[in-house]
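1. Generate a structure from the sequence data that follows.
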Amino acid sequence: MGRILVEKDVEAAVKGGSVYAAGGGGWADHGRMLGLAAVNVGKPELVSIEELKDDDWVATAAAIGAPASTTPWEMQGIDYVKAVQLLQEALGEKLSGLIIGQNGKSSTLNGWLPSAILGTKVVDAVGDIRAHPTGDMGSIGMAASPEPMIQTAVGGNRAENRYIELVVKGATAKISPVLRAAADQSGGFIASCRNPLRASYVRSHAALGGISMALALGEAIIAAEKRGGAAVIDAICKTTGGHILAEGVISRKDVVYTREAFDIGTVIVGSDAKSVTLHVMNEYMAVDDAGGGRLATFPAVITTLSPEGEPLSVGQLREGMQVFILHVPKDIIPLSASVLDPTVYPVVERAMGIEIARYALETKA
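-> Residues are numbered from 1 along each chain as shown. Coordinates of the predicted model:
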């Protein structure tokens, strides 16, 4: 049976989602707003994909953009609901459930409000356990598909007349950049609902259990908090199966916001031979040692934690801060079809100037 999501689940989702946000993944307060609105207005229900019929329609609820605090973004809970309604109208059939493209500070809760208001189930599956820079990376194998898809986007800064509603149809690779452009025009961040697919397809292509993993992690964090930062970091490592790859003081941060709505650059932790470099494209995509050797690569979980155990987004990092770098290797997390799809990597590698695919797609012998 499904699990009715209640108020205490909101903070667990935000806290667990914040670790899987991998340095990106939205805003914690936005997540709390979405979750509290949902549990106060209705009964959002989390279900496993097994509870849906094979031919039920499932779409992805996502937020698009990289809202640096420098951009005038505004997104209301109702925008997520409207995006689902527009998709249903364009599809001509009802959606049975919503998955999310990725976990994150707010994205773990993207499906909750539509569930409370429209009755679509929050399906316990994700396009990627962790947050990532492009929609394709959470598109569960649809990135290179020639099949026409429907994508909607709703939101924007009302006071600046930036509010946009958009319904686009076409191959995912061609219409995803249209939604990213809309996010930029709207103020940097927009709600979307996209890629309606049959439940049978989702079952075999998504990362299953991704939302309950975030909830369990959040519950472990909340239970450890009264014992201090070291206990929180231990709880995160124990619950995720990860380890602290490196720790040190940030010696240099060099990240810029691009016109394509990406934050791209590097963060160096530590100094000299002991330093490591975090490679950023909205999220942490790779870690290199001082000699340029690769220590961790997407789709592994890579997250910076404060000494208090708080997951820090790229935007919060400052030179002189002490951080711990969490690494959860990819072979112990469920992987979706989209992170194993070679076509999603070239755009990211070009933007970042480093190799990702070779490491992401290698299989342990």
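
2. Tell me where the stretch 101-250 of the chain has strands.
-> Counting by DSSP state E, counting those that start in this stretch, the stretch 101-250 of the chain has these strands, from start to end: 121-126, 148-155, 164-171, 189-198, 207-208, 243-257.

3. Burial check on R227, number of neighbours?
-> 11 (other C-beta atoms under 10 Å). All C-beta spots, glycine's among them, are computed from the backbone N, C-alpha and C.

4. would you turn the strands of the stretch 101-250 of the chain into a markdown table with distance to S271?
-> Compiled in a markdown table, the strands of the stretch 101-250 of the chain are given as follows (distance: least, C-beta to C-beta, whole Å):
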| stretch | distance to S271 |
| --- | --- |
| strand 121-126 | 37 |
| strand 148-155 | 42 |
| strand 164-171 | 45 |
| strand 189-198 | 35 |
| strand 207-208 | 37 |
| strand 243-257 | 5 |
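
5. Reformat the ones you listed into TSV and put mean pLDDT, distance to S18 and mean neighbour count next to each item.
-> Output for the strands of the stretch 101-250 of the chain, formatted as TSV (pLDDT from 0 to 100; distance: least, C-beta to C-beta, whole Å; neighbours: other C-beta atoms under 10 Å):
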stretch	mean pLDDT	distance to S18	mean neighbour count
strand 121-126	98	15	28
strand 148-155	96	22	24
strand 164-171	96	28	16
strand 189-198	94	17	26
strand 207-208	98	18	23
strand 243-257	96	17	16
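
6. Could you list the low-confidence segments of this protein?
-> Within the chain, the segments meeting pLDDT under 70 span 25, 66-70, 261, 364-365.

7. Show me how the record splits it into domains.
-> Following automatic domain parsing, one gets these domains for the chain: 3-210, 229-360.

8. show me where the stretch 201-350 of the chain has helices.
-> 210-224, 229-240, 346-352 (DSSP state H, counting those that start in this stretch).

9. Tell me which of those sits most buried.
-> Burial of the helices of the stretch 201-350 of the chain is given as mean neighbour count (mean count of other C-beta atoms under 10 Å); helix 210-224 ranks first at a mean of 21.

10. What is the neighbour count of P72?
-> What P72 shows, counting by other C-beta under 10 Å, is a neighbour count of 14.

11. Quick check: it vs S186, distance?
-> Counting by C-beta to C-beta, to the nearest Å, the gap from P72 to S186 is 9 Å.

12. Look up the residues that both of these two are in contact with.
-> By C-beta atoms under 8 Å, 6 or more residues apart in numbering, P72 and S186 have these common neighbours: N157, R162.

13. Using CSV, write out the CA atom coordinates for stretch 297-305.
-> Taking C-alpha atoms only, stretch 297-305 is exported to CSV below (Å, rounded to 0.1, in the frame of the first residue of the first chain):
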residue,chain,number,x,y,z
THR,A,297,32.7,11.1,-11.0
PHE,A,298,28.9,11.6,-11.7
PRO,A,299,26.6,9.6,-11.3
ALA,A,300,28.3,8.9,-8.0
VAL,A,301,26.9,11.2,-5.2
ILE,A,302,29.4,14.0,-4.4
THR,A,303,28.3,16.5,-1.7
THR,A,304,30.0,19.1,0.4
LEU,A,305,29.1,19.1,4.1
